[in-house]
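Visitor: Fold the stuff below for me.
(one chain, ligands or ions: 1)
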Amino acid sequence: MEIMQKAPAKINLSLDALYRHRNGDHEWRMVMTSVDLADYVHIRPAKTISVTTDSGFLPEDPRNLAYQAARALQQESGVHAGARIHIEKHIPVAAGLGGGSSDAAAVLRGLNELWHLGYSREQLARIGLRVDSDVPYCVYSETALVSGRGEIVEPLGKLPQFWVVLAKPSLSISTPRILRAFDYKSKTLCPDNDKVLAGIKQNDFALMTAGMANSLEAVTAQRHPEINALKERLLKYGADVAQMSGSGPTVFGLCAKRSRAVRVYNSMKGFCREVYLVHTLG
Ligand code: ATP
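Guide: Predicted coordinates for the structure are as follows:
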């Protein structure tokens, strides 16, 4: 018996870091959505937990977030079974696209089924928070307002129609390093989340994009000028809006029209090795 779970990449339509908790955790308010670029997580019954990947770059041991998710579920439920987990990797690693978190969430959903645990999405999200702050969102993998330390996930329903061009510069970002460098007092970028939410509710693409911003972008862009260079290119070629996802370095452009997105995608390919034209899920 094998269970296969799709683990889609996420992008942050908005990301606001509100304050730092005493223990160092951040308080977030962000609108996230998932796109049709995905890893595939294959899960088979086994006596112990093991993880393999086809990537060559990722740890295949307890450092893998998929392994940590399986372990967290095992501990929470008290089951003694294990699982053989294989990850078919398509999402670029350490890119701001939540690949590891999405794999972890896929493991939670898959093992919930394999081990007949019957946990709700809310329960899986709570368990997932022990692995990473993006895992609760990835348990849902549908457009949502995410707040708290990442554990409060409020699905938002359908988005206005648009296409997404992802451009990943060839550099990897350490999220903890960016978060350590983030200074709340000199925060320069702040989304208008109410506008983003109103745009989604009213199916108004222009209103949604008018509120978008990513508070972490200034920190990453200051260290890596490629971020602003890619954003400028996306806009120059016709994207309606361009922004960094998560802590970067992937930058995305949104286009209301597919023909425009195809043009942006083809033009970007000349400047960036990893470019994807994707659609939001659902
Ligand atoms: P985040 O913003 O949540 O840190 P990201 O999208 O920037 O995520 P990931 O691809 O999730 O980056 O990788 C972050 C780190 O997690 C990398 O250092 C990677 O080695 C490690 N990692 C552990 N397990 C996985 C996995 N299954 N897939 C990807 N990365 C993983």
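
Visitor: and the gap between Val135 and the ligand?
Guide: 8 Å (Cβ to the nearest ligand atom, to the nearest Å). For every residue, glycine as well, the C-beta is placed using N, CA and C.

Visitor: Would you agree that residue is in contact with Asp103?
Guide: No - between Val135 and Asp103 there is no contact, the gap being 9.5 Å when judged by Cβ atoms under 8 Å.

Visitor: what sits in contact with each of those two?
Guide: Contact with both Val135 and Asp103 is made by residues 65, 69, according to Cβ atoms under 8 Å, 6 or more residues apart in numbering.

Visitor: Now stretch 208-222: buried residues?
Guide: By neighbour count on 16 or more other Cβ atoms under 10 Å, the buried set for stretch 208-222 is 208-209, 211-221.

Visitor: near the ligand, anything from that stretch?
Guide: No - for a cut-off given as Cβ under 6 Å from any ligand atom, stretch 208-222 has no contacts with the ligand; the smallest distance is 9.4 Å.

Visitor: Quick one: neighbours of the closest residue in space to His279 that isn't next to it in sequence, just the number.
Guide: Spatially, and ignoring its direct neighbours in sequence, His279 is nearest to Asp36 (5.4 Å; Cβ to Cβ, 6 or more residues apart in numbering). Here the neighbour count serves as a burial measure; for Asp36 (other Cβ atoms under 10 Å) it reads 15.

Visitor: show me the contacts for Asp36.
Guide: With contacts defined as Cβ under 8 Å, 6+ apart, the neighbours of Asp36 are 8, 278-281.

Visitor: ranking those by neighbours, who comes first?
Guide: Counting by other Cβ under 10 Å, top hit in these: Pro8 with 25 neighbours.

Visitor: Save the buried residues of stretch 208-222 as JSON lines, and put in pLDDT too.
Guide: Formatted as JSON lines, the entries for the buried residues of stretch 208-222 read as follows, by pLDDT from 0 to 100:
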{"residue": "Met208", "pLDDT": "98"}
{"residue": "Thr209", "pLDDT": "98"}
{"residue": "Gly211", "pLDDT": "98"}
{"residue": "Met212", "pLDDT": "98"}
{"residue": "Ala213", "pLDDT": "97"}
{"residue": "Asn214", "pLDDT": "97"}
{"residue": "Ser215", "pLDDT": "96"}
{"residue": "Leu216", "pLDDT": "96"}
{"residue": "Glu217", "pLDDT": "96"}
{"residue": "Ala218", "pLDDT": "94"}
{"residue": "Val219", "pLDDT": "94"}
{"residue": "Thr220", "pLDDT": "95"}
{"residue": "Ala221", "pLDDT": "95"}
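
Visitor: In those residues, find the pair that's most separated.
Guide: Between any two of the buried residues of stretch 208-222, the greatest separation by Cβ to Cβ is 24.2 Å, found for Met208 and Val219.

Visitor: Please name the nearest non-neighbouring residue to the residue of the stretch 1-150 of the chain found nearest the ligand.
Guide: In the stretch 1-150 of the chain, the residue that lies nearest the ligand is Gly100 (2.8 Å; Cβ to the nearest ligand atom). If the residues on either side of it in the chain are set aside, Gly100 comes closest to Leu65, at 4.1 Å by Cβ to Cβ, 6+ apart.

Visitor: what about that neighbour, neighbour count?
Guide: Burial of Leu65 is recorded as 26 neighbouring residues (other Cβ under 10 Å).

Visitor: so it makes contact with Val131?
Guide: Yes - counting by Cβ under 8 Å, Leu65 does reach Val131; the two are 5.6 Å apart.

Visitor: what about the helix or strand where the residue of the stretch 1-150 of the chain closest to the ligand lies, average pLDDT?
Guide: Of the helices and strands defined by DSSP states H and E, Gly100 is found in helix 99-114. On average, the pLDDT along helix 99-114 is 98.
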